[in-house]
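Colleague: the following comprises the amino acid sequence and a computationally predicted model.
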Amino acid sequence: GGRPKTKLWGLRGFGKNAYIATCEAIDDEVDWLVLATDTDRESGVRRQRDLEEICQRKRREIAAGYDKARSDLRETTHPKLIVAVPLRMLECWLLADADAFRRVVGRPRPKLPKRPEALGGKTDPKELLYKYGGAHHKRELARESSPEVLSRECPVSYVPFRADVLHAAESLESRSTNSL
């Protein structure tokens with residue numbers, strides 16, 4: 001758009017992308033800005049704890065870019081930020097609810113570790129979805145999965161995402177209530 005170019009010094013990694021996306025979202029006057037990435041391409045990272053730290057770092061980078069754009073543009077209205085950084089990959093979330101998997105795919109979900117976010121090594125969530133017939137039902141699996149089950153089974157990455165969604169929904173609801 002017609003926004004002046006701003007130096008993105010101080011922003012790291014995904015912060016730069018978040019800055020640009022936030023500027024565009026403000027120009028387009030959207031209510032919610034959903035920014036997503038995952039941690040499945042982190043080469044050489046094997047320990048779960050390291051991936052959890054990378055997940056948190058990406059969330060912080062995105063938030064920093066969002067905050068800087070809001071500060072630089074000084075707009076009175078801005079979209080609510082929702083950040084999705086699934087640990088490993090989004091497919092872990094789709095495998096978390098065994099009941100939803102059975103309802104949507106029509107067969108039992110493969111046996112998984114207690115926390116699908118811990119899948120790694122030779123167990124690839126994308127491959128499991130293809131192998132067990134869930135790959136063509138991603139949208140339905142997302143729609144049918146229980147937020148409570150996802151929160152319990154994917155606490156590292158789903159819980160912050162859900163909190164962002166609930167916060168954005170509450171602020172949108174209070175804004176529409178105030179305008180009545």
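Modeller: Looks like it arrived, so ask away.
Colleague: what sits against Val83?
Modeller: Val83 makes contacts with 34-36, 59, 62-63, 160-161, 164, as judged by C-beta atoms under 8 Å, 6 or more residues apart in numbering. C-beta coordinates here come from the backbone N, C-alpha and C atoms, glycine included.
Colleague: check Leu180 and give its pLDDT.
Modeller: We note a pLDDT of 51 for Leu180 in this prediction.
Colleague: please read the previous query as pertaining to Lys5.
Modeller: So Lys5 comes in at 51 (pLDDT).
Colleague: next, the most centrally placed residue in the chain: phi, psi?
Modeller: A centroid search over the chain (C-alpha atoms, centre = their mean) returns Ala84, at 1.0 Å, as the residue closest to the centre. Dihedral pair for Ala84: phi -120, psi 110, per degrees, to the nearest 10.
Colleague: thought it was touching Leu33?
Modeller: No: in this structure, Ala84 is not within contact of Leu33 by C-beta atoms under 8 Å, at 11.4 Å.
Colleague: which parts of this structure are strands?
Modeller: Here the chain has its strands, by DSSP state E, at 32-36, 80-84.
Colleague: relative to Ala98, which of those is closest?
Modeller: Closest approach to Ala98 among the strands of the chain (C-beta to C-beta): strand 80-84, 21.8 Å.
Colleague: relative to strand 32-36, how tilted is the helix or strand of the chain with the lowest mean pLDDT?
Modeller: Using mean pLDDT, DSSP states H and E, the weakest-scoring helix or strand in the chain turns out to be helix 158-178, at a mean of 83. For helix 158-178 against strand 32-36, the angle by axes from the mean of the first three to the mean of the last three C-alpha atoms, to 10 degrees is 170 degrees.
Colleague: thanks again, I'm all set now.
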